[in-house]
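# I would like to see how this sequence folds:
(one chain, ligands or ions: 1)
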Amino acid sequence: MRTPLITGNWKMNTTISEAAALAGELRLTLEPVSDVEKVVCPPFISLAAVKAELGGSSIKVGAQNLYFEDKGAYTGEVSALMLVSLCEYVIIGHSERRQYFGEDGKMVNRKLLAAQKAGLKPILCIGEKLAENEAGRTEEVLRTQIDEAFSGVDLNLLVIAYEPVWAIGTGRAASGRGANAAIGFIRHRVAGIDSQASRVLRILYGGSVTAANAAEFLSQPEIDGALVGGASLKAGEFAAIVRQAGEARR
Ligand code: PEP
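The predicted structure is shown next:
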């Protein structure tokens, strides 16, 4: 049985004091929920404050990105070596990084390798765009993104988030059955590479998940949790999603 994982991606939201306050609220509401792994991913500058706020709690911290070099003349970038003392997880290849910052499959692969080398657990985001979905190309896109990302990556130390781009931040979530089918395809593809890893690998759904629709996803057999954007900025809503993840597995 795979432990459900609910991850909050705060994106470029919250000042340091707002991030610490949100973490404090989450600590109060989520600490008693023990059967779900909980991770929050604040902006880089708030990682230290959020880690301090959550110290000794069961809520883990993740980053939203990293650069694949260890150190050097890369103005504005943050490496895995810098992050590893601040967090446990890191989101890699989010569609906003691919869309606005030109990240391609090769770069995503280098970031995954850098994260794992440093001891961070990457959450790899993959998903098709609207036009690709409408053209019936979802599986082809997922296959390409998987193949580009995986070279040299330890599949036992990976989380995947299936995030259809058209569902992110749009309020237009996938259907539970549709997301389950896509995630089943991803697992099947992973099984073709490493069948043991495919059984333990957690694959999350992400894209307009809220407390109102979370159960539809979390009750699906292939879906091991959620990557939550907008709804993770409200402590009560995020906590409700986490609780539903626990209930879905009982
Ligand atoms: C995300 O940022 O990964 C995401 C899924 O955002 P939202 O939940 O707002 O669609």
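# Check the offset of the top helix by length along the chain from the chain's centre.
When the chain is parsed with DSSP state H, its longest helix is helix 176-193. What separates the centre of helix 176-193 from the centre of its chain is 16 Å, taken as CA atoms, centre = their mean, to the nearest Å.
# And it, what's buried?
176, 178-180, 182-183, 185-187, 189-190 (16 or more other CB atoms under 10 Å). For glycine as for every other residue, the C-beta is placed from the backbone atoms N, C-alpha and C.
# Are that helix and the ligand in contact anywhere?
No: Helix 176-193 stays clear of the ligand (CB under 6 Å from any ligand atom), getting no nearer than 11.6 Å.
# Not counting its neighbours along the chain, what's nearest the residue in the chain that the ligand sits nearest to?
Here the residue of the chain nearest the ligand is G229; by CB to the nearest ligand atom that distance is 2.1 Å. Closest residue to G229 apart from its sequence neighbours, by CB to CB, 6 or more residues apart in numbering: N9 at 5.0 Å.
# which secondary structure elements does the longest helix of the chain contact?
Counting contacts by 3 or more CB pairs under 8 Å, 6 or more residues apart in numbering; DSSP states H and E, helix 176-193 is packed against helix 138-150, strand 159-162, helix 195-200, strand 202-206, helix 214-218.
# With mean neighbour count and distance to the ligand as extra columns, can I get those in JSON lines?
Converted to JSON lines, the helices and strands packed on helix 176-193 look like this (neighbours: other CB atoms under 10 Å; distance: least, CB to the nearest ligand atom, whole Å):
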{"stretch": "helix 138-150", "mean neighbour count": "18", "distance to the ligand": "15"}
{"stretch": "strand 159-162", "mean neighbour count": "26", "distance to the ligand": "7"}
{"stretch": "helix 195-200", "mean neighbour count": "13", "distance to the ligand": "23"}
{"stretch": "strand 202-206", "mean neighbour count": "25", "distance to the ligand": "4"}
{"stretch": "helix 214-218", "mean neighbour count": "23", "distance to the ligand": "11"}
